[in-house]
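Asker: build the 3D model from these lines:
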Amino acid sequence: AEQARLSRTFDGLSAAVFVVDSEDAVVMTNKAARQLVGNDTTPEDWLQSAAFHSLDDRSPMEGAFHPVRQILAARGGHDLYAGWFGPGGAERALRFSAMDLPEDRVTLIVVSDETQSWMLQETLNRTERLDAIGQLSGGISHELANILGVIRLTSDTAVLGNDMTAMRTQLEAIRKACDRGADLMDRLLHLSREPTYTDTLVDVTEITRSAVLLARGSMLELTDLVAKLDAIPELYVAVPGADLQSAVLNLLLNARNAVEASDRQGRVEVEMTADADEVTIRVSDTGIGMSDDVQRKAREPFFTTRRAYGGSGLGLSMVDSLARRTGGRLNIQSVPGKGTVIEMVLPRSTGPGPQADEDTMIDGLHGISVLLVEDDRSFADAVTNALELFGVVPLLAHDAAQAMQVMEDHGAPDILLTDIGLPGGVFGDVLAVEAVARYPGLRVIYMSGNPSLLHRSDRDVPGLRLKKPIHPTGLANAIRLTMSGSAGGH
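Answerer: Purely as a prediction, here's the structure:
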């Protein structure tokens, strides 16, 4: 009777539920679980044997990295995301969580299809990162002007003079200026990267220092930025690095805005503390503070007191979402007229875990044929070089008409790897429809730097979607995963 009651309760849930016993054997599933896996397998076999992959680089999640093994090992910990190809061949973003029921001596594994919210979160993250970059632009242009100024002055001096010792000194100044520029661009690239969805361990101390360096140039006349991070050791948390840097930047920029709004000289301080279980990033300011009503609404999406100045209202909402998603929290204390203290508290991890060997990622691709359709010739050359490095046989076209002609001349490749925004009026997803209609069994991988195009790409022909810029390992994993028989309905 108790089991029947539980079954009826679980059948009323929209998420897939798998009940496992103390031996991790499945003893019950609900209706949503059976609908999720389709008719080709049982929920029990699917949970243990389905091919899951990382949503970041499409690497297979096998062995100790299998999502079910990870979530059972961290019962009661944070959720975990994984990619999976559904019965129709489309990629799905799944969230795994586990909860123990000690009285019943079972564990609930809950699997939610988060594909739509995953796409929405990508768009919101991109919006907030672009907003942060916009606020930093003044400081960045100032720093780049200094870097270019060093390069121009020292190179001109070297040309005008003949002293080899002086020239050596001047060339060294150029080298250091280039290093400064490369470091600045690395930090900007890290901020602009797409968020990750796996639990990669990152050094929160280094990321916080990086955010401070980016924000320092954007501090305005009334604001002093004080960072108390010199004596802080490496501290690891399981959180996407780009998201964390964006969150810290948002806290710093919000604090700066609060000080500037007070019309008096003030300061922004950032410090970190840690105990055995948690890491706390604390950002305080001496700005205008928040009323009780503003504090209550501060975490709400799109709430902002700076609408007239272009505020999006996404900053604190996304910082709060990031903290809660990792099992942490966001604390806000504020006194009107005196300032605000915001703490982002994250669960602490012990240190970097085992890393996959990238040398093994490109094994097993020799002889696979890939037709690359890409109109940017420089990018096409770079992708072609990577494909040849993998042992893949590349074919190249620069638009849809040329791609169809290449397949007419050479036959169908194993994979069509196409950019979506192609010239000539025929986009990559339309090309995929025509190509698959003519060559049934053709597998497809889509690429784009435009998220709106990327999200629409597999409506008619399923396939993996790669966001530019593409890492070689991610490209190799995508080819391997597509050829494994899971992607594209194969």
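
Asker: C-alpha from now on. contacts and neighbour counts both.
Answerer: OK.

Asker: show me the contacts for the closest residue to residue 17 other than its chain neighbours.
Answerer: With C-alpha to C-alpha, 6 or more residues apart in numbering as the criterion, residue 17 has its nearest non-adjacent residue at 4.7 Å, and that residue is residue 110. Applying C-alpha atoms under 8 Å, 6 or more residues apart in numbering, we find residue 110 in contact with 15, 16, 17, 18, 95, 96, 97, 98.

Asker: cutoff 7 Å now
Answerer: Listed by C-alpha atoms under 7 Å, 6 or more residues apart in numbering, the contact set of residue 110 reads 15, 16, 17, 18, 96, 97, 98.

Asker: doesn't it lie inside a strand?
Answerer: Yes: the assignment for residue 110 (DSSP: H, G, I helix; E, B strand; the rest coil) places it in a strand.

Asker: is it in a bridge, and if so with what?
Answerer: Beta bridges link residue 110 to residue 17, residue 97 when assigned by DSSP bridges.

Asker: for residue 72, see how far away it is.
Answerer: As judged by C-alpha to C-alpha, to the nearest Å, residue 110 and residue 72 stand 11 Å apart.

Asker: residue ranges of the helices in the stretch 251-400 of the chain, please?
Answerer: In the stretch 251-400 of the chain, the helices defined using DSSP state H, counting those that start in this stretch lie at 292-297, 315-325, 377-390, 400-410.

Asker: any chance of the ones you listed in a markdown table, plus distance to residue 339 and mean pLDDT?
Answerer: Formatted as a markdown table, the helices of the stretch 251-400 of the chain follow (distance: least, C-alpha to C-alpha, whole Å; pLDDT from 0 to 100):
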| stretch | distance to residue 339 | mean pLDDT |
| --- | --- | --- |
| helix 292-297 | 12 | 86 |
| helix 315-325 | 16 | 82 |
| helix 377-390 | 49 | 85 |
| helix 400-410 | 58 | 95 |
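
Asker: residue 257 is nearest to which of those helices?
Answerer: Taking C-alpha to C-alpha, helix 315-325 is the member of the helices of the stretch 251-400 of the chain nearest to residue 257, at 12.6 Å.

Asker: so what sits against both of residue 110 and residue 72?
Answerer: residue 98.

Asker: re earlier: so can I have JSON lines of the contacts of residue 110 showing neighbour count and pLDDT?
Answerer: Formatted as JSON lines, the contacts of residue 110 follow (neighbours: other C-alpha atoms under 10 Å; pLDDT from 0 to 100):
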{"residue": "15", "neighbour count": "18", "pLDDT": "89"}
{"residue": "16", "neighbour count": "23", "pLDDT": "91"}
{"residue": "17", "neighbour count": "25", "pLDDT": "91"}
{"residue": "18", "neighbour count": "24", "pLDDT": "91"}
{"residue": "96", "neighbour count": "20", "pLDDT": "91"}
{"residue": "97", "neighbour count": "23", "pLDDT": "88"}
{"residue": "98", "neighbour count": "25", "pLDDT": "88"}
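
Asker: and residue 425, which of the three is it?
Answerer: Residue 425 - assigned by three-state DSSP - is coil.

Asker: pLDDT weak spots in the stretch 251-400 of the chain?
Answerer: 301-315, 351-363 (pLDDT under 70).

Asker: would you mind measuring from residue 323 to residue 329?
Answerer: Noted for residue 323: a distance of 5 Å to residue 329, by C-alpha to C-alpha.

Asker: shared neighbours of the two, anything?
Answerer: Residues touching both residue 323 and residue 329 (C-alpha under 7 Å, 6+ apart) are 344, 345, 346.

Asker: the second one: neighbouring residues, count only.
Answerer: Residue 345 has 23 neighbouring residues, counting by other C-alpha atoms under 10 Å.

Asker: nearest residue to it in space, please, no chain neighbours.
Answerer: Nearest non-adjacent residue to residue 345 (C-alpha to C-alpha, 6+ apart): residue 280, at 4.4 Å.

Asker: any stretches of the stretch 101-250 of the chain with poor pLDDT?
Answerer: Where the stretch 101-250 of the chain drops to pLDDT under 70, the residues are 117-200.

Asker: so which residues of the stretch 1-150 of the chain form helices?
Answerer: Applying DSSP H, counting those that start in this stretch to the stretch 1-150 of the chain gives helices spanning 2-11, 31-37, 43-49, 67-73, 115-160.

Asker: centre of the chain to the second one, how far?
Answerer: In this case it means helix 31-37. Computed by C-alpha atoms, centre = their mean, to the nearest Å, the chain-centroid distance of helix 31-37 equals 28 Å.

Asker: other SSEs contacting that helix?
Answerer: Counting contacts by 3 or more C-alpha pairs under 7 Å, 6 or more residues apart in numbering; DSSP states H and E, helix 31-37 packs against strand 16-20, helix 43-49.

Asker: could you dump those into a markdown table and include distance to residue 241?
Answerer: Putting the helices and strands packed on helix 31-37 into a markdown table (distance: least, C-alpha to C-alpha, whole Å) gives the following:
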| stretch | distance to residue 241 |
| --- | --- |
| strand 16-20 | 30 |
| helix 43-49 | 29 |
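
Asker: just give the number of residues close to residue 7.
Answerer: By other C-alpha under 10 Å, the residues close to residue 7 number 16.

Asker: and residue 61, by the same measure?
Answerer: Residue 61 sits with 18 neighbouring residues when counted by other C-alpha under 10 Å.

Asker: dump the residue contacts of the spatially closest residue to residue 396 that is not a sequence neighbour.
Answerer: Leaving aside its sequence neighbours, residue 396 sits nearest to residue 372 (C-alpha to C-alpha, 6+ apart; 4.9 Å). For residue 372, the contact set (C-alpha under 7 Å, 6+ apart) comprises 394, 395, 396, 397, 416, 417, 418.

Asker: for residue 372, list each beta-bridge partner.
Answerer: Judged by DSSP bridges, the bridge partners of residue 372 are residue 396, residue 417.

Asker: and the gap between it and residue 412?
Answerer: 12 Å.

Asker: cool, and residue 42?
Answerer: Going from residue 42 to residue 412 by C-alpha to C-alpha gives 34 Å.

Asker: the two: who's more crowded?
Answerer: residue 412 (22 against 12).

Asker: so who does residue 38 touch?
Answerer: By C-alpha under 7 Å, 6+ apart, the residues touching residue 38 are residue 87.

Asker: against residue 64, how distant is it?
Answerer: According to C-alpha to C-alpha, residue 38 and residue 64 sit 26 Å apart.

Asker: now swap in residue 329 and tell me
Answerer: Counting by C-alpha to C-alpha, the gap between residue 329 and residue 64 amounts to 28 Å.

Asker: look at the two and report which has more neighbours.
Answerer: Ranked by neighbour count (other C-alpha under 10 Å), residue 329 and residue 64 place residue 329 first, with 18 against 11.

Asker: surely the more buried one touches residue 345?
Answerer: Yes: here residue 329 lies in contact with residue 345, judged by C-alpha atoms under 7 Å, at a distance of 5.3 Å.

Asker: which residues do the two both contact?
Answerer: Jointly contacting residue 329 and residue 345 under the rule C-alpha under 7 Å, 6+ apart are residue 323.

Asker: the residue lying closest to residue 269 once chain neighbours are set aside: neighbour count?
Answerer: Nearest residue to residue 269, sequence neighbours excluded (C-alpha to C-alpha, 6+ apart): residue 226, at 4.7 Å. By other C-alpha under 10 Å, the residues close to residue 226 number 15.

Asker: direction included, what does the helix or strand containing residue 226 pair up with?
Answerer: If you go by DSSP states H and E, residue 226 is part of strand 223-228. If you go by DSSP bridges, strand 223-228 pairs up with strand 266-274 (parallel).
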